[in-house]
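Engineer: predicted coordinates and the sequence they were generated for:
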Amino acid sequence: MKKFGIVDVIIILLVVVLCIAGYSIISGKEVESSKGVSDVEFTVEIKQLTQEEAAVIKVGDEITDSVKGGYYGKVVDVETKKATEIAANTIDGTYSVEEYPDKYDVYVTIHGTPTSMNESNIQFAGQKVKIGCAAYLKSDNYVGSGYIVALDIKE
């Protein structure tokens, strides 16, 4: 029968250290705390709303995440445009921009302070904020979802 020796302990410690180092490399860099974090403004595009739905969104609204409930910030700008879509003509192979009658795309700009931020990640209460990510918005008067189309870090 073989005894458990000092060499075995060193090998086990080496494996544990390598596992911890590998996990930290795979999971990314440590996330900084919110101290010293810059404010962020991001714009969410909410597509194809009616005029009545678009009119409910106002500057000054307090916005939270409708999925996890984390706080995003305040609405600082609302821009409404006619809803459009690129349509393909399969007969002659051309594309055109078509407007939807009575539908509007709303661009909601939100200003807030992230709970954590580093070079590759901005998070508001556990939700990543990056261009192209989905955002689920909730205020006292409405709930909406769209994609983040602009991001500005205020320094």
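Structural biologist: Right, received. Where do you want to start? Numbers count the residues shown, from 1 in each chain.
Engineer: what are the boundaries of the strands in this structure?
Structural biologist: 40-49, 62-65, 71-89, 94-112, 116-118, 121-124, 127-128, 134-138, 143-153 (DSSP state E).
Engineer: what pairs with the fourth one, parallel or antiparallel?
Structural biologist: Looking at strand 94-112 with DSSP bridges, its paired strands and their directions are strand 40-49 (antiparallel), strand 71-89 (antiparallel).
Engineer: pull out the buried residues from the last one.
Structural biologist: By neighbour count on 16 or more other C-beta atoms under 10 Å, the buried set for strand 71-89 is 72-73, 75, 78, 80, 83. Placement of C-beta: from N, CA and C, glycine included.
Engineer: ok, now stretch 115-130?
Structural biologist: 115-117, 122-124, 127, 129.
Engineer: could the buried residues of strand 71-89 be laid out in JSON lines, adding distance to residue 55?
Structural biologist: Formatted as JSON lines, the buried residues of strand 71-89 follow (distance: C-beta to C-beta, whole Å):
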{"residue": "72", "distance to residue 55": "21"}
{"residue": "73", "distance to residue 55": "21"}
{"residue": "75", "distance to residue 55": "13"}
{"residue": "78", "distance to residue 55": "10"}
{"residue": "80", "distance to residue 55": "8"}
{"residue": "83", "distance to residue 55": "15"}
